[in-house]
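Asker: how would this look folded up:
(chains A, B, C and D)
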2 protein chains.
Amino acid sequence: MPGLREIKKGRRERRILDAAGALFEERGFTPVSMEEIAARAEVGVGTLYNYFSSKKALLLSIISRDTGIALESAQRIIDSPPDGYVDAMTEMLYVYFESFFSRYPKKLMREIMAAFFSSMAEFGPELMEQDMRMISQIALLVDVFQRNGLVGGDVPAQDAAFAVYSVLMVQSMVYISLETMTLGQLKESLRRQLSLQYEGLRRRG
Amino acid sequence: MPGLREIKKGRRERRILDAAGALFEERGFTPVSMEEIAARAEVGVGTLYNYFSSKKALLLSIISRDTGIALESAQRIIDSPPDGYVDAMTEMLYVYFESFFSRYPKKLMREIMAAFFSSMAEFGPELMEQDMRMISQIALLVDVFQRNGLVGGDVPAQDAAFAVYSVLMVQSMVYISLETMTLGQLKESLRRQLSLQYEGLRRRG
DNA sequence: TTATAAATATGAATAGATTCATAATTGGAG
DNA sequence: CTCCAATTATGAATCTATTCATATTTATAA
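Answerer: Below you'll find the predicted structure:
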């Protein structure tokens, strides 16, 4: 039975996350001070540190909520995938993208990536876990196409999924680094890379 | 003719870079303060900011020196590449890796990646330039194998090179995120991904 | 050589994340 | 209900990157 103490704790944590999330979304990471977050959450500054070990941890905690949403959305692609492998996988990756990039501006995404790397030592496993889930989910889609014969049955699905994830990751980086790149261009770029990966580099014949 | 002013300026900049480089290599980025760097370079703290716009800029400036070295080393693979495509490309990427990873501990590499992302808005083009050079260099190697017929002639070399670069990038991230991964394991992983990329996912036959 | 302006160097002042000693709150025992 | 120990909240103090007004140095002209 959760006592009053637990309930309050949960409420506060949510209030802090909401306050920080709203502020980060509005103005980015660096320009928002812990003092502001504390004020908006109606809490003392020190209290923030009882719930999150650092400002970066706070940021990462927010986005891990979103990864959960991304994984759910992607499930519908697996349930009824487009016919072609490239089409299906492009859609799948695009769903992942949209979960983050339609909400957060590029500037914030860069700060998220930076936080990700600099917190790797501290949170290693938890941070990676989200990505592992994405890879496993991609593997499920690969498996669909292995069964209908479009993808070679000798290819380990996990390896293939990792390769696809690489495309996702690198295209994310390219997207956030080029201020002018649009989601449309990104999608095209994704398709191009996935197609190349599907066909392979080796000479046919 | 470079006046005394220019000469002194150059000397100072080098002294600062050397001091910072040595300290970062020893103890990592965050634990080293600007004050320490200034002391070691025998310069006032404020002076550091006349040469580098921030601590991160200082770090990135140091590693861009190393990218130059990486590009030079890789040239020898292009000049006399191993026979097989996968062997050759694995060696190529491994040379890039070694230029950074044999010198810097993983902890520092993470901080470099973090600095990279959070400085993207400020230095965008310059930062990307280094990577573009790597991609172009990889394209040269692709071209070698297109000419001898191992790689399909219809594949745009730049696209193929970008795909290879993706493997490099993602494997770098995996490597620095897993504290226990060795360079040997990395190389194996590289080869595996490059091989998959060469053969393609599509069913053969 | 001397004077002047431009370029540089410098460290004290600022700003913001994090720590930590202290105060307030809670759950449970008597 | 009252008190105690454990938990949690709090903001003042600390630690650092960064800024900026001031001092110093350099190049050039008279």
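
Asker: Return the residues in contact with the closest residue to chain B within chain A.
Answerer: Here chain A gets closest to chain B at one residue, A:Gly200, 2.1 Å apart by C-beta to the nearest C-beta. Where C-beta positions appear, they are placed from N, C-alpha and C, glycine not excepted. By C-beta atoms under 8 Å, 6 or more residues apart in numbering or on different chains, A:Gly200 lies in contact with B:Gln197, B:Tyr198, B:Glu199, B:Gly200, B:Leu201, B:Arg202.

Asker: Tell me the one of these nearest DNA strand D?
Answerer: Checking the contacts of A:Gly200 against DNA strand D with C-beta to the nearest atom of the strand, the nearest one is B:Gln197 at 38.6 Å.

Asker: hmm, back to that, got a quick PyMOL command for the buried subset of the contacts of A:Gly200?
Answerer: This is the PyMOL syntax for the buried subset of the contacts of A:Gly200, where burial follows 16 or more other C-beta atoms under 10 Å in any protein chain shown:
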select buried, chain B and resi 197+198+199+200+201+202
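
Asker: A:Glu42 is in contact with A:Arg12, isn't it?
Answerer: No - taking contacts as C-beta atoms under 8 Å, A:Glu42 lies outside contact range of A:Arg12: 9.3 Å.

Asker: Neighbour count: those two, which is higher?
Answerer: Neighbour totals were compared for A:Glu42 and A:Arg12, and A:Arg12 leads with 17 against 11 (other C-beta atoms under 10 Å in any protein chain shown).

Asker: Pull out the buried positions in the host helix or strand of that one.
Answerer: Applying DSSP states H and E as the criterion places A:Arg12 in helix A:4-27. Residues A:Arg12, A:Ile16, A:Leu17, A:Ala19, A:Ala20, A:Gly21, A:Leu23, A:Phe24 are the ones in helix A:4-27 that count as buried (16+ other C-beta under 10 Å).

Asker: For those residues, which two are the farthest from each other?
Answerer: A:Arg12 and A:Phe24 (18.2 Å; C-beta to C-beta).

Asker: Report the contact partners of the nearest residue to A:Ser172 once chain neighbours are set aside.
Answerer: Spatial nearest neighbour of A:Ser172, excluding adjacent residues (C-beta to C-beta, 6 or more residues apart in numbering or on different chains): A:Phe97 at 7.1 Å. When contacts are counted by C-beta under 8 Å, 6+ apart, A:Phe97 touches A:Leu168, A:Ser172, A:Tyr175, A:Leu183, A:Leu186, A:Leu190.

Asker: Now do the helix or strand in which the fifth one is found against helix B:183-199, angle only.
Answerer: Secondary structure from DSSP H and E places A:Leu186 in helix A:183-199. In terms of direction (axes from the mean of the first three to the mean of the last three C-alpha atoms, to 10 degrees), helix A:183-199 departs from helix B:183-199 by 90 degrees.

Asker: What are the buried residues along helix A:183-199?
Answerer: In helix A:183-199, counting by 16+ other C-beta under 10 Å, buried: A:186-187, A:189-199.

Asker: for stretch A:55-75, same thing?
Answerer: Buried positions in stretch A:55-75, judged by neighbour count with 16+ other C-beta under 10 Å: A:55-63, A:66-67, A:70-71, A:74.
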